[in-house]
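S.K.: Take this sequence and fold it.
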Amino acid sequence: MPKVIDHDQRRREIVEVAKKLIAEGGFEAATMRSIVTAAGFANGALKHYFASKDEIIAATFESVLAETARRMSELDPGASPVEALHGFVEGAMPLEPHQIASARVLLVLWERSVANPDLARRYRDLLTTWRAELTRRIAAASRLEPPVVGVLADEVISVTIGANVASLMHPVGELTDRYRAYIAEFMRRVVG
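M.R.: Residues are numbered from 1 along each chain as shown. Presented below is the predicted three-dimensional model:
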């Protein structure tokens, strides 16, 4: 009887291997050969799951974006609007080692998206969704007017992107206290 293979699971495994290789050695480290070797597959096995390295990179980018979105939205359904906003902002900031590793992968993939319109579109879509959710949460947690709410949402996005980049230049966790202080000050400005 032939072995039943879960193709979706294999694709996820390949993406995880690609993320690890990119986080450790940059885009150049994630060659088809290195991915096959690290995943423990036979040569040519990747072709059953991804037609090209570009497909693997797109799936890796999508995976990191989905992880970020999931982290930002994982809250207790009974959370107050203030708690929901706080959790959302915390989920976006590089506060934990796995968030910093994701930031490393995103930074590499951002560079690739400059030359890849599909990756750029996916990232723009995430930013659009993220801004809309931030705007909704800020409005729910405060009594601020719409123009100010939008400005604050843009601020959080810009600070988060900068924090992700800066976290890669320091030992893991070194900037966490600064980021938590920013979140506390941001919440004070929003809620009063």
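S.K.: could you give me the average pLDDT of stretch 24-41?
M.R.: Taken as a whole, stretch 24-41 has an average pLDDT of 86.
S.K.: Need the contact partners of it.
M.R.: 13-14, 17-18, 20-22, 42-43, 45-46, 53, 56-57, 60, 108-109, 111-112 (Cβ atoms under 8 Å, 6 or more residues apart in numbering). All C-beta spots, glycine's among them, are computed from the backbone N, C-alpha and C.
S.K.: repeat for stretch 168-184
M.R.: Here stretch 168-184 has contacts from 86, 89-90, 93-95, 97, 100, 103-104, 107, 159, 163, 166-167, using Cβ under 8 Å, 6+ apart.
S.K.: among the residues you listed, which ones are buried?
M.R.: When neighbours are counted using 16 or more other Cβ atoms under 10 Å, the contacts of stretch 168-184 contain these buried positions: 86, 89-90, 93-95, 100, 103-104, 107, 159, 163, 167.
S.K.: So Gly91: helix, strand or coil?
M.R.: For Gly91, the secondary structure call by DSSP: H, G, I helix; E, B strand; the rest coil comes out as helix.
S.K.: now swap in Glu16 and tell me
M.R.: Using three-state DSSP, the structure places Glu16 in helix.
S.K.: got the contact list for Thr129?
M.R.: Here Thr129 is in contact with Ala69 (criterion: Cβ under 8 Å, 6+ apart).
S.K.: Please identify the helix or strand for it.
M.R.: helix 117-141 (DSSP states H and E).
S.K.: Could I get the buried residue list for that helix?
M.R.: 119, 122-123, 126, 130, 133-139, 141.
S.K.: Please identify which pair of the residues you listed lies farthest apart.
M.R.: Spatial extent of these (Cβ to Cβ) is set by the pair Leu119 and Ala141 at 32.5 Å.
S.K.: Sitting in strands, which of the contacts of stretch 168-184 do you find?
M.R.: Among the contacts of stretch 168-184, DSSP state E puts none in strands.
S.K.: At the geometric centre of the protein, which residue sits there?
M.R.: Central residue of the chain (Cα atoms, centre = their mean): Thr68, 3.6 Å from the mean position.
S.K.: From Val108, how far out is that one?
M.R.: Thr68 sits 15 Å away from Val108, going by Cβ to Cβ, to the nearest Å.
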